[in-house]
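Engineer: The following block contains a protein sequence and its predicted model.
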Amino acid sequence: MNFSITVLPGDGIGPEVVSEAVKVMNAVGNRFGHSFGTTYGRVGGNAIDDFGTPLPDDTVEMCRDTDGILFGAVGGPKWDDPRAKTRPEDGILAIRKSLGLFANLRPVKVYPQLINSSPIKPHLLEGVDMIIVRELTGGLYFAKPKKRWDTSRGRRGVDTLKYTEQEIERIIRVGFELAQGRRKRLTSVDKANVLETGRLWREIATEVADDYPDVELEHVLVDAAAMQLISNPAHFDVIVAENTFGDILTDEASVLAGSMGMLPSASLSGLPKPSGRGKRPVSLYEPIHGSAPDIAGQGIANPIGTILSLASMLRYSLGLEAEAQAIEQSVEGVLAEGYRTPDIAGDGGEVCKTTEMGDVIAGRV
Ligand SMILES: NC(=O)C1=CN([C@@H]2O[C@H](COP(=O)(O)OP(=O)(O)OC[C@H]3O[C@@H](n4cnc5c(N)ncnc54)[C@H](O)[C@@H]3O)[C@@H](O)[C@H]2O)C=CC1
Ligand SMILES: CC(C)CC(=O)C(=O)O
Ligand SMILES: [Mg+2]
């Protein structure tokens, strides 16, 4: 089959990890007889430098008419001036919002091969396999008012935490539906003891639970969830959380997997229908990490989170389940053989560069 993929490498290590994922995509094409055409777009700080905007119109166009978007990361110290009119991050936020990508699925899997790459005690990591469902187009990241201003009594700033019933209900349903296909436990994370949005979130989660009697629903306050994620991670199956909480909890959860570089994500406008007929809505696939300025340009970034994001694209957007599994099995095999980028080399495996990791994974799909 023929597919057209929009590739948005971004800044910092974004281009480094994305080019490895494209390498793997082409290897999948060769093995399974598909053709993946690619169109590259500019986004982030590099686009601000060249076009004065983090999201040029051309890139917006490329994101509308495509079978899937593969995204790296944006941002960096060069564009961190707190008074800047626009930031690299505005580019990815605008893509998520304009495509209605409200559901960000962030699977957290601990590969047995990497159990010693995490600072967490090995016995706590046994059986860890969860999905964190992060609400992606609401809450503090987007709601208005959102501004800074000067007053006679000093500087002020405001962000707004606002959710509608519909925004909460649709993401909670994604959590329940995923849990139904897994171990049937949904942990809804909120801050209902303090925040009105948290109380609304909890109320709606409880109401929606009536439609999913086979799934056990538990409510956990976000601060306690952060603690349990480390002290008893195997307890969790599916976690659903609002935008900011989900963002923070997933960076924390990456420590279980051994590195930020290990975790993929899929940003969707809903779960694909199992029969999957007709044109699917455009979705975006991105590792959970950022542009990692501290290691950018050294060729040592871990591309596995991006390569696993590609596998999710094949699964959710292109309907290529066998091909997605081939990538996932290749990653497992390569880790079993001992290949390690420096971030996961804690157990003394063979340290390799980003490109070598991409080569060996591509070579085994
Ligand atoms: N989706 C996106 O484009 C995101 C962008 N950012 C941006 O990225 C920039 C840097 O943010 P940070 O807070 O430093 O977070 P970060 O995720 O870029 O890096 C955090 C730490 O994890 C390490 N790391 C991240 N990805 C890695 C990989 N693939 N392999 C090995 N190590 C990896 C980094 O070296 C660093 O020590 C900021 O401008 C931030 O706004 C942050 C998160 C998401
Ligand atoms: C806009 C991004 C920089 C926010 C973030 O950290 C993320 O989406 O993981
Ligand atoms: Mg983040």
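Structural biologist: Alright, I've got the coordinates. Numbering: from 1, shown residues only. Ligands and ions are numbered 1, 2, ... in the order given.
Engineer: After the helix or strand of the chain with the lowest mean pLDDT, which helix or strand is next?
Structural biologist: One helix or strand of the chain scores below all others by mean pLDDT, DSSP states H and E: strand 350-351, with a mean of 82. Downstream of strand 350-351, the next assigned helix or strand under DSSP states H and E is helix 354-363.
Engineer: Name the nearest residue to the residue positioned nearest the centre of the chain, sequence neighbours excluded.
Structural biologist: In the chain, the centroid-proximal residue (C-alpha atoms, centre = their mean) is Ser265; its distance is 2.9 Å. Using C-beta to C-beta, 6 or more residues apart in numbering and skipping residues adjacent in sequence, the residue nearest Ser265 is Arg106, 4.6 Å away. Using the backbone N, CA and C atoms, a C-beta is placed for each residue, glycine as well.
Engineer: Pull the contacting residues for the one you found.
Structural biologist: For Arg106, the contact set (C-beta atoms under 8 Å, 6 or more residues apart in numbering) comprises 131-134, 246, 250, 253, 263-265, 288.
Engineer: Tell me the strands beside the helix or strand where it lies, with direction?
Structural biologist: Secondary structure from DSSP H and E places Arg106 in strand 103-109. Using DSSP bridges, the strands paired with strand 103-109 in its sheet are strand 129-135 (antiparallel), strand 266-268 (antiparallel).
Engineer: What's the mean pLDDT across the very next helix or strand once past the last one?
Structural biologist: Spelled out, that is strand 266-268. Following strand 266-268 in sequence order, the next helix or strand is strand 284-285 (DSSP H and E). In this model, strand 284-285 has a mean pLDDT of 98.
Engineer: tell me what strand 284-285 is packed against?
Structural biologist: Packing partners of strand 284-285 (3 or more C-beta pairs under 8 Å, 6 or more residues apart in numbering; DSSP states H and E): strand 68-73, strand 266-268, helix 304-312.
Engineer: Tabulate these (CSV), appending mean neighbour count, mean pLDDT and distance to Phe142.
Structural biologist: Output for the helices and strands packed on strand 284-285, formatted as CSV (neighbours: other C-beta atoms under 10 Å; pLDDT from 0 to 100; distance: least, C-beta to C-beta, whole Å):
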stretch, mean neighbour count, mean pLDDT, distance to Phe142
strand 68-73, 27, 98, 18
strand 266-268, 26, 98, 14
helix 304-312, 27, 98, 23
